[in-house]
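Participant: Sequence plus predicted model, see below.
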Amino acid sequence: MNHHTLKATCTTVHLGGFSCNLPPALVINSGDSIEVETYTGIKIYQEAPEAFLTPELVEICQYLPPERIVGPGSHLLTGPIYIREAQPGDVLEVQLKEISPRLAMGFNAIRTGWGALPQQFSESRLRFIPLDLEKNIAEFPSNSGIKIPLKPFFGILGVATPETQRSSIPPGIYGGNLDNPELQAGSRLFLPIFVPGALFSIGDGHSAQGEGEVNVTAIETSMKGKIKLILHKNILLTSPLAETPSDIITMGFAETLDLAFEAALKQMIDVLQQFFGLEAEEAYVLCSLAANFRITQVVNHPQKGVHGMISKSILGFPLKSLLDHKVVSHL
């Protein structure tokens, strides 16, 4: 197992989406770890204060090659990372080891026509929000005494599909713009693989986000982290699945919250059947008794997101790996 460093540069980032045709920014073996950095704000950097900018970000904003613009989204992603021997039908495990802001400044933007209340809040607004990295808080509004704890995570964790261009905005079975604030350091995400090498990309750093992300953005932040990528063969997985130190998390995506909830619930039932040997009806009842379903986001058109959470402590193996549990034969 090797350790790599992947800096964000004009040759290692891409804008707006995913593509199966993008050349890898890094080639690794399963089990390798990576120190990775991500930048955000390419669309608003000219309005940014000095504390938000670095020479590297400015260079990316000004000189990113056209061939690395692969979709209509606004997200700047680092990657893709090619994992040797990864093939369609395999599963990629993303271990999130460390996540922290690169700079003591983030931004929030309201965008015309977006958000949960686009008619009521119809004018674009851009706010830069200082981060107190020593106290691990952001005060908003400024001088209000309202202090938001920083809980950094990567909003986008995803793999390529056979499409040559896929927007970075909606999440899906490939992962992508999950915007799930539960996926902090110490968590693991499992993604189905669709193309050789997986072509995994990461970005959209958030220092803090409420569930729902209702005005369309969080505290958007350039981020640094350490991840480990592990390839799993002979495992069946049809939708992203996650594990935190305390919970198993299923995810549902659809054009309505009702359908997204239904998808997250069905995946939770499947997990309880496959991992723990429950009958479908038993799993359904257990979800009613002990699972919690939360709105992930409502703004990444056309897909809204719901995630289901069930505590591992009630399932008989607290703080243990999904793949280590004796009942598990496949995901």
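Facilitator: Structure received. Please read all numbers here as calculations on a predicted model, not as lab measurements.

Participant: Give the pairing partners of the helix or strand containing Leu77; include direction for each.
Facilitator: Taking DSSP states H and E as the criterion, Leu77 maps to strand 76-83. Neighbouring strands of strand 76-83 in its sheet, by DSSP bridges, are strand 13-15 (antiparallel), strand 26-28 (parallel), strand 200-206 (antiparallel).

Participant: So which residues make contact with it?
Facilitator: 6, 8, 12-15, 18, 22, 24-30, 34, 36-42, 60, 92, 156, 160, 168, 197-204, 229, 231 (C-beta atoms under 8 Å, 6 or more residues apart in numbering). Every residue, glycine included, has its C-beta placed from N, CA and C.

Participant: Please name the residues that touch the residue lying closest to Val70 once chain neighbours are set aside.
Facilitator: Of all residues beyond its chain neighbours, the one nearest Val70 is Ser19 (4.1 Å), with distances taken as C-beta to C-beta, 6 or more residues apart in numbering. Applying C-beta under 8 Å, 6+ apart, we find Ser19 in contact with Val70, Gly71, Ala160, Glu163, Thr164, Gln165, Arg166.

Participant: I'd guessed Ala185 sits against Leu150; true?
Facilitator: No - Ala185 lies out of contact with Leu150 (C-beta atoms under 8 Å); the separation is 11.9 Å.

Participant: okay, the two: which has more neighbours?
Facilitator: Neighbour count, other C-beta atoms under 10 Å: between Ala185 and Leu150, Leu150 has more, with 20 against 17.

Participant: so what pLDDT did the more buried one get?
Facilitator: Note on Leu150: pLDDT of 98.

Participant: buried stuff in the longest helix seen in the chain?
Facilitator: Taking DSSP state H as the criterion, the chain has its longest helix at helix 257-276. By 16 or more other C-beta atoms under 10 Å, the buried positions in helix 257-276 come out as 257, 260-261, 263-272, 274-276.

Participant: Can you list the neighbours in contact with it?
Facilitator: With C-beta under 8 Å, 6+ apart, helix 257-276 has contacts from 239, 241, 248, 250-254, 278-280, 282-284, 286-287, 291, 293, 295, 298, 303-308, 310, 315-316, 322, 325, 327-331.

Participant: Narrow these to those in helices?
Facilitator: Within the contacts of helix 257-276, residues falling in helices by DSSP H are Ala280, Glu282, Ala283, Tyr284, Leu286, Cys287.

Participant: Now list the buried members of these.
Facilitator: By neighbour count, with 16+ other C-beta under 10 Å, these hold Ala283, Tyr284, Leu286, Cys287 as buried.

Participant: Tell me the confidence at the closest residue to the first one other than its chain neighbours?
Facilitator: When the adjacent residues along the chain are set aside, Ala283 lies closest to Leu272, with 3.7 Å between them (C-beta to C-beta, 6+ apart). For Leu272, the model assigns a pLDDT of 94.

Participant: I am finished for the moment; much appreciated.
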